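Colleague: coords below, sequence missing:
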């Protein structure tokens, strides 16, 4: 086997990939070991077992039904997770929603959005309202659990948004930023489903994640149409015959929704 | 290892190094879920012991080798001791699908009944999309837009991925794989498909299947007891919902109609005929 020179950059990339995998391994192992350690401890009384009925929470009302009896069974994978962790997860979720609301509201005020595609304007309006509903639901659950409502945005992604906003010049820039926020939210909630400690919260996170994923699917399709100079096809109803082939599949790139970008439960927790 | 003019000099080619890295990645990806599954299994066993339950850890461990991020499942308490929906009918005998290793009677109980339902729904979707492609090829649906054809092909492949994942759970648990559609509504579905003469009709039918699948997985997240089963359902539900969003758009309907995914269209385990 002859000697060949290897591009340093390639090697660094490969090393970085290896480090990422190792980091994943450490994180997963830590999580599992935490489960293990906590399982050996007496399980503390949880808020939903203290008779703190969830009834009356406006945001959750539609979500709590027949699952109630089952909700008393904690998720085995996360049964050791404390109430505090549930609250943090809910607050972080609310913080992501707050940021999304803020970004969409800012976008709605941009001249090229206001004077642009009416379907995009309608989408922004409807999506803003949906994120507001999600924030209310997460905050209601956090308060019911004994925590505080989170009314601030996620700090990590707020910094990213603050950096990006001055550079936004076109609808495509808005769409790109929105895709990031929707994806992070969807990934976070998908991960949260397996992290929270009761059925009601699993149902809440699992009922919101697909909605954020749908937002992302629409935005990915819009992004593709904008990139293909087919902005006129961003309309409802659309003539499917005019859509480029890619529009049929660009909206759902993964067979299984990833969670690699999921925010840690503490990221947006009330300090 | 030395460097020369900014490059590493190794007794190995780039291709070999890349290949080794891919193998390492694959090994990691295969190992991590198994490691997590084992740890979770252990946790469950300890918890069961503490609560005085029989610790049937052996039957809880089903490692799934299928693709996807959630490539392993631990279906804790998937046996009769697990909680299941009250609407679940008594299991009947079951040869599901001609699985070579099947021989067991239909014993999809507890979590595994939900897994069986999920598998059947995925097979139903794959079959529906396959029938759509066949009908399109035969000219029965008129002109099929390229975007629709692309949607059908891609969504069908993803549903096949989901079915593989769920079937791996079943076979890992010693149950027969489900390779057909043992659902009581399948005849009705096939009839509707065969009667379709245009793309819109097929798209509406597909939308109903996607809504049903997404909502069934949502239902599963708070009715299944296995942590990894919960997480797997959680990672598939958004994908089915994304399919539904694009179908709504193609059909001229608002693509994100609900603030929260409902469960009114979720499939009942009672649909299962095995």
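Modeller: Right, received. Where do you want to start? What you are looking at is a predicted structure, and each value in this text was computed from that prediction instead of being measured.

Colleague: tell me which helix or strand of chain B sits lowest on mean pLDDT?
Modeller: For chain B, using mean pLDDT, DSSP states H and E, the weakest element among its helices and strands is strand B:61-62, scoring a mean of 30.

Colleague: in a strand, residue A:158, correct?
Modeller: No: Residue A:158 is assigned helix when assessed by DSSP: H, G, I helix; E, B strand; the rest coil, not a strand.

Colleague: quick check: the residue nearest to it when sequence neighbours are not counted vs chain B, distance?
Modeller: Excluding its sequence neighbours, the residue lying closest to residue A:158 (C-beta to C-beta, 6 or more residues apart in numbering or on different chains) is residue A:99, at 5.7 Å. Glycine gets a C-beta too; all of them are placed from N, C-alpha and C. Here residue A:99 is placed at a distance of 18 Å from chain B (C-beta to the nearest C-beta, to the nearest Å).

Colleague: residue contacts, residue A:99?
Modeller: A:153, A:154, A:157, A:158, A:161, A:181 (C-beta atoms under 8 Å, 6 or more residues apart in numbering or on different chains).

Colleague: you'd agree it is in a strand?
Modeller: No: assigned with three-state DSSP, residue A:99 falls outside any strand and is helix.

Colleague: show the pLDDT at it.
Modeller: In this model, residue A:99 is scored at 98, pLDDT.

Colleague: does chain A sit close to stretch B:228-239?
Modeller: Yes: using C-beta under 8 Å from any C-beta of the partner chain, stretch B:228-239 reaches chain A at B:228, B:230, B:231, B:232, B:233, B:234, B:235, B:236, B:237, B:238, B:239.

Colleague: helices of the stretch 51-200 of chain A, start to end?
Modeller: Per DSSP state H, counting those that start in this stretch, the stretch 51-200 of chain A has helices spanning A:58-61, A:68-71, A:83-108, A:111-114, A:118-144, A:155-164, A:171-193, A:199-227. These are given in chain order.

Colleague: save these as TSV, and put in distance to residue A:248 too.
Modeller: Compiled in TSV, the helices of the stretch 51-200 of chain A are given as follows (distance: least, C-beta to C-beta, whole Å):
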stretch	distance to residue A:248
helix A:58-61	35
helix A:68-71	38
helix A:83-108	26
helix A:111-114	26
helix A:118-144	18
helix A:155-164	29
helix A:171-193	18
helix A:199-227	9
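
Colleague: tell me which of the residues of stretch B:228-239 next to chain A fall in helices.
Modeller: Residues of the residues of stretch B:228-239 next to chain A located in helices (DSSP state H): B:228, B:230, B:231, B:232, B:233, B:234, B:235, B:236, B:237, B:238, B:239.

Colleague: test my guess that residue A:121 contacts residue A:110.
Modeller: No: contact between residue A:121 and residue A:110 fails when scored by C-beta atoms under 8 Å: they sit 10.6 Å apart.

Colleague: neighbour count winner among those two?
Modeller: Shown here are residue A:121 and residue A:110; by other C-beta atoms under 10 Å in any protein chain shown, residue A:110 has more neighbours (18 against 15).

Colleague: residues in contact with the more buried one?
Modeller: A:168, A:174.

Colleague: next, work out how far apart it and residue B:143 are.
Modeller: 39 Å (C-beta to C-beta, to the nearest Å).

Colleague: one more: residue A:240?
Modeller: Between residue A:240 and residue B:143 the computed distance is 10 Å (C-beta to C-beta).

Colleague: and residue B:182, by the same measure?
Modeller: As defined by C-beta to C-beta, residue B:182 lies at a distance of 35 Å from residue B:143.

Colleague: ditto for residue A:84
Modeller: For residue A:84, the distance to residue B:143 - C-beta to C-beta - is 58 Å.

Colleague: check residue A:167 too.
Modeller: Computed with C-beta to C-beta, the distance linking residue A:167 and residue B:143 is 42 Å.

Colleague: neighbour-wise, which of residue A:84 and residue B:143 wins?
Modeller: Using other C-beta under 10 Å, the more surrounded residue of residue A:84 and residue B:143 is residue A:84, with 15 against 10.

Colleague: residue B:125 contacts residue B:210, doesn't it?
Modeller: Yes: judged on C-beta under 8 Å, residue B:125 makes contact with residue B:210 at a distance of 7.3 Å.

Colleague: what sits in contact with each of those two?
Modeller: Joint contacts of residue B:125 and residue B:210 (C-beta under 8 Å, 6+ apart) are residue B:155.

Colleague: quick one on the thing from earlier: just send the residues of stretch B:228-239 next to chain A back as CSV, with pLDDT and neighbour count too.
Modeller: Output for the residues of stretch B:228-239 next to chain A, formatted as CSV (pLDDT from 0 to 100; neighbours: other C-beta atoms under 10 Å in any protein chain shown):
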residue, pLDDT, neighbour count
B:228, 82, 27
B:230, 95, 27
B:231, 93, 27
B:232, 94, 32
B:233, 97, 28
B:234, 98, 28
B:235, 98, 27
B:236, 98, 30
B:237, 98, 28
B:238, 98, 32
B:239, 98, 28
